[in-house]
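[1] This is a predicted model, with the sequence first.
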Amino acid sequence: MKLIDLKEKIPKKVFAVLRNRGFKELRPAQVKSINEGLFEDKNLLICTPTASGKTLVAELAILNAVFHDKGKAVYVVPLRALANEKFKDFKKLYGEYFRVAISSGDIDSADSYLDRYDLIITTSEKLDSLIRHKAHWISHVKVLILDEVHLLNDASRGPTLEIITTIIRKLLPKLQIIALSATIGNPEELSSWLEAVAIIDSWRPVRLDKGVYLNGKIEFQ
């Protein structure tokens, strides 16, 4: 859908950022998210294929939290390497609009310096540490992004992710949660637990063909 057709549903400052970045159209999952209350602080579970535009949904929620709600955004990823990657990407894309920080080290502390930043990128283990140390800035968090949320089912990382999600929701009853994944097997059950609207879409930018490889040949379905 063309971006201009959604102008009335997108906050002015957010719309201006999209225009400045050169967006003219939005992908199906992004349009569905907007229509289902993305800018009304609704919890959303985005379950769509790789490269279908999930990250931009998170970015729109972050922009709304910073510009409209005047609060902070926390972006949770499973690995330090991914945290570093997201930090570089968001710093490049949004450094002129708001302050971006990363907190993913081993030091067990409240990292009080994060009070000066609008978007904080971290791992679930580090966020667990920040919550346990009662970091005072957490009370200003308006949106929590859970990237690769299917890892709730992971034996090693799942328990920590589940605990921090449960605790922070109790600490911040009005918190908006945006959960992202391309590989959720039970979206209805997970969206119910998160009290979120499930955005499920099969659109992908590149066609995916399925086939069986046997004896040096591929037989496509």
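    Here it is on my side, so go on.
[2] the helices in the protein, which residues?
    Taking DSSP state H to define them, one finds helices in the chain at 12-20, 28-35, 54-67, 80-94, 124-132, 158-171, 187-194.
[3] Reformat those as CSV; add distance to residue 43 and mean pLDDT.
    Backbone N, C-alpha and C define where each C-beta goes, glycine included. Converted to CSV, these look like this (distance: least, C-beta to C-beta, whole Å; pLDDT from 0 to 100):
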stretch, distance to residue 43, mean pLDDT
helix 12-20, 18, 96
helix 28-35, 11, 96
helix 54-67, 10, 97
helix 80-94, 21, 96
helix 124-132, 18, 93
helix 158-171, 9, 95
helix 187-194, 6, 94
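[4] Residue 48: which of those helices is closest?
    Proximity to residue 48 (C-beta to C-beta) singles out helix 28-35 among the helices of the chain, at 4.4 Å.
[5] for that closest one, which positions count as buried?
    Buried positions in helix 28-35, judged by neighbour count with 16 or more other C-beta atoms under 10 Å: 28-34.
[6] give me the number of residues near the residue nearest to residue 219 when sequence neighbours are not counted?
    Closest residue to residue 219 apart from its sequence neighbours, by C-beta to C-beta, 6 or more residues apart in numbering: residue 212 at 5.2 Å. Applying other C-beta atoms under 10 Å, we find 9 other residues in the vicinity of residue 212.
[7] So residue 212 versus residue 172, what's the distance?
    Distance, residue 212 to residue 172, using C-beta to C-beta, to the nearest Å: 49 Å.
[8] Ok, residue 138 next?
    As judged by C-beta to C-beta, residue 138 and residue 172 stand 8 Å apart.
[9] Could you do residue 102 as well?
    Counting by C-beta to C-beta, the gap from residue 102 to residue 172 is 21 Å.
[10] about what we covered before: kindly indicate which of the buried residues of helix 28-35 lies nearest residue 188.
    residue 32 (15.9 Å).
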